[in-house]
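1. Got a predicted structure here, sequence first:
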Amino acid sequence: MDVNYTIALDLEGTLITDAEQPIPRPGLFAFLEACRQLGRVVIYTMVDQDTSQEIIREMVAGGHAPGWFVDVEWVDWFSVDTAHKDLNLIPGSDAVHAFLVDDHTGFVHPDQLDRWIQVMFYESGDSEDRELELALWRLKRKIALQAGKDLELTFPGDPIWALCGMQDQIDELLHDNFELQAEKEKLIRAIHKLEKE
C-alpha cells in the first residue's frame, strides 16, 4: 500500500453488542483481518481501556477475532475534552488518512463526516446481521475514491444491499444535517426489518 491509513473502530454497537454482555457481531473475524490489510487498526471507544482489553481477549479466545487483535491500539479519548471522536487525536495519524467505523452519529466530528463508515447499531445478537460486510465495502470504496480510483458497485446478496450501499452518496448530500441523517437511519432500519420478514 502506498498510503498508510488508520482505521478507527468503535466497540459497543459496532463490533459487539455492549460491554456488559459482549456478543461479537457476525463476520467480525473476517472484517478485522480485512481492515488490517487496508491499514493500521485502532480502537476508539467510550469503553475504558481495561474493559476493552478484557473484551478483546475474550473475543480472541473464543475464536471471534484474530490473535493480533489482543495487542490492538486503544485511543485515549478519556483524557481529551471533546464530545467527538476526532481522528486528528489519534497518535501518529490525521483525519485525511483515517476512517472511523461507528454506529453513533453524535460521536462523529462534524468536519469529518466524509471519513465516517456508518454501521447500524448492533444490540440483538442477530446471527444474520451483515453490517460489517457492508462497512468493509464502504471502507474500500472510500479508500479507492481517495486514490482516484472507482470501485465497482457489487454487493453480496439482493437489491436491498444496493440501496443500502447508496448511504455513501446520501451522506455526502446530507453532510452536516443531523436531523435528516437521523431520518435516513430510521429508513435503513426499516429496510433491514423488511428484509428479514
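-> Here it is on my side, so go on.
2. When you work out contacts or count neighbours from here on, use the C-alpha atoms and nothing else.
-> OK.
3. What's the local residue count around Thr82?
-> 11 (other Cα atoms under 10 Å).
4. How about Phe99?
-> A total of 24 residues lie near Phe99 under the criterion other Cα under 10 Å.
5. which residues does it bridge with?
-> Here Phe99 sits in beta bridges with Ile7, going by DSSP bridges.
6. Asp10 contacts Asp102, correct?
-> Yes: taking Cα atoms under 8 Å as the definition, Asp10 is a contact partner of Asp102 at 5.2 Å.
7. quick one, which of these two is more surrounded?
-> Asp102 (27 against 21).
8. quick one, strands of this structure?
-> 5-9, 39-43, 73-74, 98-102, 116-118 (DSSP state E).
9. right, and these - which one's nearest Glu128?
-> strand 116-118 (18.1 Å; Cα to Cα).
10. mind checking how far that closest one is from the chain centre?
-> 6 Å (Cα atoms, centre = their mean, to the nearest Å).
11. what do you get for stretch 23-30?
-> That offset, for stretch 23-30, works out to 12 Å (Cα atoms, centre = their mean).
12. end to end, how far does it reach?
-> Length of stretch 23-30, first residue to last, Cα to Cα, to the nearest Å: 16 Å.
13. avg pLDDT for it?
-> For stretch 23-30, mean pLDDT is 96.
14. So that it lines up with my notes, have the first residue be 756 from now on.
-> Got it, the first residue is 756 from now on, which makes the last one we talked about stretch 778-785.
15. Is it correct that Cys790 is in contact with Ala763?
-> No: applying Cα under 8 Å, one finds Cys790 not in contact with Ala763, separated by 9.7 Å.
16. coming back round to it: with Gln804 as the reference, name the closest of the strands of the chain.
-> Taking Cα to Cα, strand 828-829 is the member of the strands of the chain nearest to Gln804, at 6.7 Å.
17. who's in contact with that closest one?
-> Under the contact criterion Cα atoms under 8 Å, 6 or more residues apart in numbering, strand 828-829 has outside partners Val796, Val797, Ile798, Tyr799, Gln804.
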